[in-house]
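**Student:** Predicted model follows, preceded by the sequence.
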Amino acid sequence: MHVSNLGNYYEDFKVGELIQHVLSKTIFESDNNLFSLLTMNHHPVHTNADYASDKQHGKILVVGTLVFSLTVGMTVPDISGKAIANLEYEQVQHLLPVFINDTIYAETKVLDKWASATKADRGIIYVETTAYNQDKKPVLRFRRKVLIPKRN
């Protein structure tokens, strides 16, 4: 048996590396409904099929922050599993709509990294994650800075 290694150390990240995340998720109606309730986003385009049928896409749209949250979660085993902290999220772009029963996949590119200026036992990685649907079309993209421990 191989023991799971949640996350990576600062030294493991290579600038320019493209990481294909193994985790994926089909978004079911129940996921979207629960997320809408938990986050108090009761806009009918996310919860009312009749209302949504008369709007731009003709069907229920998945809440964008659900897609964002799922995508961040899919990256945890590779990117932030050992993180001390997520320092910043930036440039969150919703590229295409996501619908009920779409399946989300993700990949992350390491854009940069640097050692902490104040603590020798850690460093910061700067990454860009893109989420794709089952048709391999990008639906979401964002960048973030993550504080990662060094190995020793």
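**Tutor:** Cool, got the structure.
**Student:** Could you tell me the end-to-end distance of stretch 113-123?
**Tutor:** End-to-end distance of stretch 113-123 (CA to CA, to the nearest Å): 7 Å.
**Student:** Need the contact partners of that stretch.
**Tutor:** With contact meaning CB atoms under 8 Å, 6 or more residues apart in numbering, stretch 113-123 is reached by 10, 13, 15, 84, 124-126, 147-150. (Each C-beta comes from the backbone N, C-alpha and C, glycine too.)
**Student:** Show me what counts as buried in it.
**Tutor:** Across stretch 113-123, burial judged by 16 or more other CB atoms under 10 Å covers 113, 116, 122-123.
**Student:** Stretch 121-139 now?
**Tutor:** Neighbour counts using 16+ other CB under 10 Å place 122-133, 139 of stretch 121-139 among the buried residues.
**Student:** Filter those down to the ones in strands?
**Tutor:** Here DSSP state E is the test, and the buried residues of stretch 121-139 give 122-132, 139 as lying in strands.
**Student:** could the residues you listed be laid out in CSV, adding pLDDT and distance to D50?
**Tutor:** Listed next are those as CSV, based on pLDDT from 0 to 100; distance: CB to CB, whole Å:
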residue, pLDDT, distance to D50
R122, 98, 52
G123, 98, 52
I124, 98, 48
I125, 98, 45
Y126, 98, 44
V127, 98, 40
E128, 98, 38
T129, 98, 34
T130, 98, 33
A131, 98, 28
Y132, 98, 30
V139, 98, 25
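**Student:** ok, so of these, who is nearest H57?
**Tutor:** Looking at those and their distance to H57, the nearest is V139, at 13.0 Å (CB to CB).
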